[in-house]
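1. whatever this is, show me its structure:
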Amino acid sequence: MPKAANEIVIERPVGDVFAFLADAENDIKWRQGVVEIKRVSGNGATGTRYRQRVKGPGGRAVSADVEITDYRPDELIGFRATSGPVRPSGRYLVTAVDVGTRVRFELEAELRGLKRLLSPMVEKTMRSEVSALTDLKRALEAARGEGR
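-> Take a look at the predicted model:
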């Protein structure tokens, strides 16, 4: 089962970081693979669904819709893909630290049958996704500098 994880400290209060992550429409601001994302149901908590398209093979956009599966304010957001060729699940764990907020981003995907042959490529893509936390940090800390 391909897995990937990363964590980073962002110099912003936990409430600000959690709120930004909880609105997945913000993903386009820091996840380079996201082509478009739009909430289609729910209020941001468990059960909320997003229609998402991400860059796929050859640069063509593929469906990768998402549903929030776990939501604990200022602590945890769990999610799973509900469409697309690979359907990973993941979570963001946020924790207050002295200088701001520690964010841990975890992904995993269960591949069955012939899809198991894609495991190395899927794992590489997932590593790229979790490494985007540096872009999340940049986006949130830049917003702080702009007074937001």
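2. ok, residues contacting stretch 28-47?
-> The contact list for stretch 28-47 (CB atoms under 8 Å, 6 or more residues apart in numbering) reads 22-25, 27, 48-55, 61, 66-71, 125, 128-129, 132, 135-136, 138-139. C-beta here means a position set from N, CA and C on the backbone, and glycine is covered the same way.
3. any of the residues you listed buried? List them.
-> 22, 24, 27, 48-54, 66-68, 71, 125, 129, 132, 136 (16 or more other CB atoms under 10 Å).
4. after the worst-scoring helix or strand of the chain on mean pLDDT, next one along is what?
-> Scoring the helices and strands of the chain by mean pLDDT, DSSP states H and E places helix 119-131 at the bottom, with a mean of 86. Following helix 119-131 in sequence order, the next helix or strand is helix 133-145 (DSSP states H and E).
5. could you name the helices and strands sitting against that following helix?
-> Counting contacts by 3 or more CB pairs under 8 Å, 6 or more residues apart in numbering; DSSP states H and E, helix 133-145 packs against strand 3-10, helix 14-22, strand 100-108.
6. quick one: strands adjacent to the last one?
-> Looking back up the chat, that one is strand 100-108. Paired neighbours of strand 100-108 in the sheet (DSSP bridges): strand 3-10 (antiparallel), strand 89-97 (antiparallel).
7. show me which parts of it are buried, residue by residue.
-> 100-108.
8. likewise for stretch 79-99?
-> So for stretch 79-99, counting by 16+ other CB under 10 Å, buried means 79-81, 84, 86-94.
9. if we can go back for a sec, pull out the buried residues from the least confident helix or strand of the chain.
-> Neighbour count says helix 119-131 has 122-123, 125-126, 129-130 buried, by 16+ other CB under 10 Å.
10. could these go into TSV alongside distance to Pro13?
-> Below are the buried residues of helix 119-131 laid out as TSV (distance: CB to CB, whole Å):
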residue	distance to Pro13
Val122	34
Glu123	33
Thr125	31
Met126	28
Glu129	25
Val130	23
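11. which of those residues sit farthest apart?
-> Val122 and Val130 (12.8 Å; CB to CB).
12. export the buried residues of stretch 79-99 as a markdown table, with columns for distance to Pro13 and pLDDT.
-> A markdown table is the format used below for the buried residues of stretch 79-99 (distance: CB to CB, whole Å; pLDDT from 0 to 100):
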| residue | distance to Pro13 | pLDDT |
| --- | --- | --- |
| Phe79 | 23 | 97 |
| Arg80 | 28 | 97 |
| Ala81 | 29 | 95 |
| Gly84 | 34 | 85 |
| Val86 | 34 | 83 |
| Arg87 | 33 | 89 |
| Pro88 | 29 | 92 |
| Ser89 | 27 | 96 |
| Gly90 | 23 | 97 |
| Arg91 | 20 | 98 |
| Tyr92 | 16 | 98 |
| Leu93 | 16 | 98 |
| Val94 | 10 | 98 |
